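Visitor: Mind folding the following:
(2 chains)
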Amino acid sequence: MLTYIARRLAVSVVTLLGVTVIAFGLVQMLPGDPARTIAGLLASDEDVERIRTRMGLDEPVLVQYGQFVSRLVTGDLGESARTRRPVTTEIGARLPKTIELAAAGTIIGSVLGIFAGVVAARFRNRFLDHSVSMGSLIGISMPVYWLGLLLIMLFAVNLGWLPAAGADRRTSIILPAFTIGLFTMALVARMTRSSMLEVLEQDFVRTAFSKGVADRNVVYRHALRNAFIPVLTVIGIQFGSLLGGAVLTEFVFAWPGIGRLLVDSIFARDFPVVQGIIIVFALMFIVVNLVVDILYSYVNPKIQY
Amino acid sequence: MEAWVRFRRHKPAMIGLFILALFILAAIFAPVLTPHDPVQQDLIQSLETPSREFLLGTDHLGRDVLTRILFGTRISLFIGIAAVTFGMLIGVPLGVISGYYGRTSDMVIQRLADIMFSFPSILLALALVAVLGVGLNNVIVAVGVSIVPIFIRLVRGQVLAVREEVYVDAARAVGAHDLRILTKHILSNSWAPIIVQATVSLGITILVAAGLGFLGLGVQAPTPEWGSMLGEGRNYIYSHPHMTTFPGVAIFLAVIAFNLMGDGLRDALDPRLRVLGA
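Guide: Numbering: from 1, shown residues only, chains lettered A, B, ... in the order given. Down below sits the predicted model:
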């Protein structure tokens, strides 16, 4: 078990290193001279040279990458081209909002998704089951940005129940969290349903029914507990799409997280920030998957490593 | 043939095929179906609500929304097909090499796939567009790259599954070249899940490309593109919701059509198949 975790950790570190190569390479791919871009249009040639030397841009690419990684390890992501503040400060100020949104979306999606999946499995091939199937198909095919706009139209513009944008009120998170959680909900419902159907046919469930345990207890205590593992994996795997959805959702709802910051920074051609956010997003994804994999081996003692 | 019969019997897949057929017809006959121009502005008739002349209303520049949606079908379908083709051209060979040769190449390619998987597809596409710049070709490349790892994983798994089959050994024994074994014996026996994945990926790429357009980082104005239409409509969401409602319906229907067909193809070609999500 420990060796498994160690090996899994090693793979994550290698993946993360690859992510830094891509983040570094993206900026290298930019057309034009980075020193001149940073210096601005009106800078003299001497100024440009000074910036080039100061930032190490005259070194070979490999050396530059080495410096990039060693700064990264110390938590230095460079400074924003727009605000001149450290990229870590910019990201740090916005990151909690994104985590808040992602967590809310995951919780809403998982809880409602599991519930819908269990209901669908219990009433297999009946009306409720078909409704859940239909609902998850819609959830999977729905463009998250459009869903957000529709929710704004309904709950903010027409009904006036909830704020349309921003994060300054306590109810502000409701619409974006549902928007971002719907896709998770749909996938989790599908997975829970098929996983439950498998478990419900097993002997121990039949035994539980036949010895007179109440239906509800069989389903939630005995079956769901055993059907839970693949569901947990799905929640982990789709966390990446959830983060992707966060970029679009934050844009729709003017939610002040790093997804919104990313889009703004792309428009402002503020590449140090873009680079930093890409690394942070990938890091979040890698960590969540690592945790899910370890949890997986923990809740499923049948697996030997 | 058998698969086609099963596909025909799959009701949801038939609905998907029907929706797709409508979109294809709309793409081909867009200029005949509407008397309006998708790009020509006419500020006098701007922001009109749906009427007999403008069935879905007009946008802030006085262009007929329905006309722009019809012409937008061309863009979205083209991006989808081009991006999936691009993703497969890179992903399938890498998956084959990874699965067939194993060892170092497998390790390297799998780590590469890991790295690409750790970016949500819209994020990878956004990063690429940030560097390459906006515009149709760059959107296709950006979205195409983002689905590469899905094909790498899928094809590798398929190759691993059939690599040890007796007929592959037999081909090797009679001295067939690697390339021949790969194309004639291995790929020809794993095309079913690749087709299913390609169908689902068409939906994903349309979704992501429209997302880029919505952010203003995709196909640029004045080209009629569903995502950028939504992005423009967002500014008028309080007063003229028709501008955001209808382009969204188009994206949603296109994605659902490919998802329905993907489900149907999976059941028709091999009921045991599972496809990776985005």
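
Visitor: Give the full set of residues in contact with residue 172.
Guide: Just so you know, I chose chain A. For A:Ser172, the residues meeting the contact criterion (C-beta atoms under 8 Å, 6 or more residues apart in numbering or on different chains) are A:162-163, A:166, A:253, A:255. All C-beta spots, glycine's among them, are computed from the backbone N, C-alpha and C.

Visitor: Oops, wrong one, chain B.
Guide: Contact partners of B:Arg172, counting by C-beta under 8 Å, 6+ apart, are B:Ile181.

Visitor: May I see the buried residues of the one helix or strand it maps to?
Guide: Following DSSP states H and E, one finds B:Arg172 within helix B:166-173. Of the residues in helix B:166-173, those buried under the neighbour-count criterion (16 or more other C-beta atoms under 10 Å in any protein chain shown) are B:168, B:171.

Visitor: and if you look at stretch B:154-169?
Guide: For stretch B:154-169, burial by neighbour count (16+ other C-beta under 10 Å) applies to B:154-156, B:158-160, B:162-163, B:168.

Visitor: Relative to chain A, which of these is nearest.
Guide: Each of the buried residues of stretch B:154-169 was scored against chain A by C-beta to the nearest C-beta, and B:Leu154 proved nearest at 14.5 Å.

Visitor: so that closest one sits in a helix?
Guide: Yes - according to DSSP: H, G, I helix; E, B strand; the rest coil, B:Leu154 belongs to a helix.

Visitor: Setting aside sequence neighbours, what's the nearest residue to it?
Guide: Leaving aside its sequence neighbours, B:Leu154 sits nearest to B:Gln197 (C-beta to C-beta, 6 or more residues apart in numbering or on different chains; 5.4 Å).

Visitor: Correct me if wrong: the one you found contacts B:Phe151.
Guide: Yes - taking C-beta atoms under 8 Å as the definition, B:Gln197 is a contact partner of B:Phe151 at 6.8 Å.

Visitor: Let me see the mean pLDDT of stretch A:244-263.
Guide: In this model, stretch A:244-263 carries a mean pLDDT of 92.

Visitor: ok, whichever residue of chain B sits closest to chain A - contacts?
Guide: Scanning chain B for proximity to chain A using C-beta to the nearest C-beta identifies B:Pro120 as nearest, at 2.9 Å. The neighbours of B:Pro120, taking C-beta under 8 Å, 6+ apart as the test, are A:240-245, A:247, A:281, A:285.

Visitor: Among those residues, which lie within strands?
Guide: Secondary structure from DSSP state E places none of the contacts of B:Pro120 in strands.

Visitor: Just give the number of residues close to B:Phe18.
Guide: The number of residues packed around B:Phe18, counting by other C-beta atoms under 10 Å in any protein chain shown, is 12.

Visitor: Now do the SS call for it.
Guide: The three-state label given to B:Phe18 by three-state DSSP is helix.

Visitor: Please tell me how far it sits from A:Leu224.
Guide: Here B:Phe18 is placed at a distance of 38 Å from A:Leu224 (C-beta to C-beta, to the nearest Å).

Visitor: cool, and B:Leu25?
Guide: From B:Leu25 across to A:Leu224, the span is 47 Å (C-beta to C-beta).

Visitor: try B:Asp106
Guide: The value you get for B:Asp106 to A:Leu224, if C-beta to C-beta is used, is 38 Å.

Visitor: Kindly report the same for A:Ser195.
Guide: Spatial separation of A:Ser195 from A:Leu224 under the definition C-beta to C-beta is 9 Å.

Visitor: and B:Ile75, what does it touch?
Guide: For B:Ile75, the contacting residues are B:136, B:219, B:223-226, by C-beta under 8 Å, 6+ apart.

Visitor: need the residues you listed in a markdown table with pLDDT and neighbour count, can you?
Guide: Formatted as a markdown table, the contacts of B:Ile75 follow (pLDDT from 0 to 100; neighbours: other C-beta atoms under 10 Å in any protein chain shown):
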| residue | pLDDT | neighbour count |
| --- | --- | --- |
| B:Leu136 | 91 | 17 |
| B:Val219 | 87 | 26 |
| B:Thr223 | 87 | 18 |
| B:Pro224 | 89 | 25 |
| B:Glu225 | 91 | 28 |
| B:Trp226 | 92 | 30 |
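
Visitor: Now do the SS call for B:Pro38.
Guide: When the structure is split into helix, strand and coil by three-state DSSP, B:Pro38 lands in coil.

Visitor: Tell me both backbone torsions, phi and psi, for it.
Guide: Reported as degrees, to the nearest 10, the phi and psi values for B:Pro38 are phi -70, psi -20.

Visitor: residues near it, how many?
Guide: Taking other C-beta under 10 Å as the neighbour definition, B:Pro38 ends up with a count of 21.

Visitor: re the thing from before, okay, and the residue nearest to B:Leu154 sits in which element?
Guide: Of the helices and strands defined by DSSP H and E, B:Gln197 is found in helix B:191-215.

Visitor: I'd like the mean pLDDT over that helix, please.
Guide: 92.

Visitor: which helices and strands sit right next to the helix or strand that comes right after it?
Guide: The first helix or strand that comes after helix B:191-215 along the chain, using DSSP H and E, is helix B:226-233. For helix B:226-233, the helices and strands in contact under the criterion 3 or more C-beta pairs under 8 Å, 6 or more residues apart in numbering or on different chains; DSSP states H and E are helix A:144-151, helix B:65-101, helix B:191-215, helix B:242-269.

Visitor: I'd like to check the angle between helix B:226-233 and helix B:242-269, please.
Guide: Inter-element angle recorded for helix B:226-233 and helix B:242-269: 150 degrees (by axes from the mean of the first three to the mean of the last three C-alpha atoms, to 10 degrees).

Visitor: Can you tell me what sits against helix B:226-233?
Guide: Helix B:226-233 is contacted by residues A:143, A:145-146, A:149, B:59-60, B:65, B:68-69, B:72, B:75-76, B:209-216, B:218-221, B:240-241, B:243-244, B:247-248, B:250-251 when judged by C-beta under 8 Å, 6+ apart.

Visitor: Run a quick neighbour tally on residue 259.
Guide: Because you didn't say which chain, this covers chain A. 29.

Visitor: I was after chain B.
Guide: Considering only other C-beta under 10 Å, B:Asn259 is surrounded by 22 other residues.

Visitor: Just confirm it contacts B:Ile15, I think it does.
Guide: No - B:Asn259 is beyond contact range of B:Ile15, at 10.9 Å (criterion: C-beta under 8 Å).
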